[in-house]
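Student: Predicted coordinates and the sequence they were generated for:
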Amino acid sequence: MINLPRCSGILLHITSLPSPYGIGDLGASAYQFVDFLAHTGQRVWQVLPLVPAGYGNSPYASPSTFASNPLLISPERLREAGLLRDEDFGRVPDFPVDQVDFDAVSNYKFQLLDTAFRRFEAGESTLFLADFEAYCARESHWLDDYALFVVLKYIHDGKTWTEWEDGLKRRRAAALREARKVHAHGIRMQMFWQFLFDLQWQTLKQYSNQRGISIIGDLPIYVAHDSADVWANAKLFHLDAEGWQTVVAGVPPDYFSETGQRWGNPIYRWDLMEKNGFPWWTRRIANILKQVDFVRLDHFRGFEAFWQVPATEDTAVNGIWVDGPGARLFEVLESRLGELPVVAENLGVITPGVVALMEQFGFPGMAVLQFAFDSDATNEFLPHNYRDELVAYTGTHDNDTVAGWWFNDKSTQGADAVARARDYARAYLDVRDENDIHWAFNRAVLASVARLAVLPMQDVLGLRSEGRVNTPGTVGAPNWGWRFRPEQLTHEAVERLKELTAVYGRGEGGSAV
């Protein structure tokens, strides 16, 4: 249940914030963004997963579902804490201002983080050793394995854990003890970086909440095979004797893909998880709820039934539907964690069973306006078909921007279908100036009856495809790298957002529903 009044917010990941250090972080620009949200009457800041990025720099392929991305730590905040000095910064590389160069950022920032750790170990900061040790003890259920996993992956030149020597791959007790002893320094440093992120994030979240801004986080349903999660909990996944997936996750062929999508994530042993009372999932949900106020559960459809594909298949064509844990999982979670502040990502082909599961637990779904114009007036994503318990978006991180969608002729649906969708959108939204198309979309979503309306930052700025965050089915740059420049957020855009937010009763003091 989303316990919010009628309100609106902005979707923007931390990495996309301006910063002198090549990637958005938890420093001054994050606080300035919160101030912008408050000034324009927004009540929500939605972010992507805060986890370390994985394959292709994706936060949806992380080496850990519990850990946070140390590249988001603010060097400026470390300087304020005495962990860095002016001379440590050296000559800051000439980073791109509108894209993240992940390799360059990693090379520079990890040097700073290494220095910060050495200063802490030498007692040259305002941070207390007792606080760090208390954090490590509190988070030991995931932190111990994660820190060891990252170090072992580094000394194995990035190889997948299934390719490590047998003792480490199979987590033999003697091998793990020896590894923890030999690599104690590196392990402690990884733990310290997680501690730093937690300090900076909790301070930012407190500031946001004090200014009336709630944070929506994002939790993918699946985890990556090459992760501390699977390595440390192999019995909870369908793996063979060598640790490789026997079946993988995906979605079947549909209107957009003749061969479906073979994601490759390992499938959960839901039977074993349920037998043990879902402790891993309880810890996972509890962990993210310490970081955010609400959680968007990605691919919610998979909790009711999921598409399972043999790992030997190259595509997702030859899969089968398998029942998920359904209500049993959420009943256990609610009994242990209380009412769940969840938004269900229910895009795609949704069955009555999925709808019933959402309704049983009061989880609102999503409506994406970009998907509304490919049929007729009965399309559920058209604003006149919205209902109160819904989160409405102009687009998501997997969509092109509104302006990019409007002016880009490339589409898997074909030119005729795109033309028809544009004609319908032009009539529905009464578009008079195509260069203002993003505000036509923004206005329609904000004016709707949906309890919460969320606009990607790019649609406030009016960016075209250069502002796209991710193109599904592709890997590498520019995916996940977009950043906005401060000058792109014009006075006109700020005031227009503020005005529309107030006009449609979504700002401070707006009508509660």
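Tutor: The structure has been received and is ready for your questions. Everything numeric here is computed off the predicted structure, so don't read it as measured data.

Student: C-alpha from now on. contacts and neighbour counts both.
Tutor: Will do.

Student: can you count the residues close to the residue nearest to residue 221 when sequence neighbours are not counted?
Tutor: Of all residues not flanking residue 221 in the chain, residue 298 sits nearest, at 5.6 Å (Cα to Cα, 6 or more residues apart in numbering). By the criterion of other Cα atoms under 10 Å, residue 298 has 18 neighbours.

Student: Residue 298 contacts residue 344, correct?
Tutor: Yes: if you go by Cα atoms under 8 Å, residue 298 and residue 344 touch, sitting 6.9 Å apart.

Student: Who are the contact partners of the closest residue to residue 72 other than its chain neighbours?
Tutor: Closest residue to residue 72 apart from its sequence neighbours, by Cα to Cα, 6+ apart: residue 25 at 4.3 Å. Applying Cα atoms under 8 Å, 6 or more residues apart in numbering to residue 25 gives the contacts 14-15, 17, 19, 71-74.

Student: Output those residues as CSV; include the columns distance to residue 371, secondary structure and neighbour count.
Tutor: Shown next, in CSV, are those (distance: Cα to Cα, whole Å; DSSP: H, G, I helix; E, B strand; the rest coil; neighbours: other Cα atoms under 10 Å):
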residue, distance to residue 371, secondary structure, neighbour count
14, 26, helix, 20
15, 26, helix, 24
17, 27, coil, 25
19, 33, coil, 22
71, 34, helix, 25
72, 32, helix, 21
73, 36, coil, 25
74, 37, coil, 25
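
Student: which one of those residues is nearest residue 139?
Tutor: residue 73 (18.6 Å; Cα to Cα).

Student: And the closest one, how far from residue 448?
Tutor: Look at residue 73 and residue 448: by Cα to Cα, to the nearest Å, they are 37 Å apart.

Student: Output the lowest mean pLDDT helix or strand found in this protein.
Tutor: helix 415-429 (a mean of 92; mean pLDDT, DSSP states H and E).

Student: Not counting its own residues, what contacts the next helix or strand after that helix?
Tutor: Once the chain leaves helix 415-429, the next helix or strand it forms, by DSSP states H and E, is helix 437-447. For helix 437-447, contacts defined as Cα under 8 Å, 6+ apart pick out 8, 369, 383, 392-394, 402-403, 406, 429, 431, 453, 455, 459-460, 462, 500-501, 504, 506.

Student: now swap in stretch 177-187 and tell me
Tutor: With Cα under 8 Å, 6+ apart as the test, stretch 177-187 has contacts from 147-148, 151.

Student: Give me the secondary structure label for residue 124.
Tutor: The three-state assignment at residue 124 reads coil, by DSSP: H, G, I helix; E, B strand; the rest coil.

Student: Could you shift the numbering so residue one becomes 862, and keep it that way?
Tutor: Yes, from this point I'll number from 862; that puts the last item at residue 985.

Student: Residue 942 is in contact with that one, correct?
Tutor: No: using Cα under 8 Å, residue 985 is not in contact with residue 942, being 9.2 Å away.

Student: Give me the buried positions along the longest helix along the chain.
Tutor: Scanning the chain for the helix with the most residues, using DSSP state H, yields helix 1045-1071. Neighbour-count burial for helix 1045-1071, counted by 16 or more other Cα atoms under 10 Å, picks out 1047-1059, 1061-1062, 1065-1066, 1069.

Student: Name the nearest residue to residue 1073, sequence neighbours excluded.
Tutor: residue 904 (6.1 Å).

Student: For that neighbour, the count of nearby residues, please.
Tutor: 27.

Student: got the residue ranges for the strands in this protein?
Tutor: 868-872, 905-907, 1075-1080, 1108-1112, 1122-1127, 1155-1158, 1166-1171, 1181-1184, 1203-1205, 1226-1229, 1251-1254, 1313-1317 (DSSP state E).

Student: Relative to residue 1091, which of these is closest?
Tutor: strand 1122-1127 (8.4 Å).

Student: Quick one: mean pLDDT for the closest one?
Tutor: Strand 1122-1127 shows a mean pLDDT of 95.

Student: Check which helices and strands that strand sits against.
Tutor: strand 1108-1112 (3 or more Cα pairs under 8 Å, 6 or more residues apart in numbering; DSSP states H and E).
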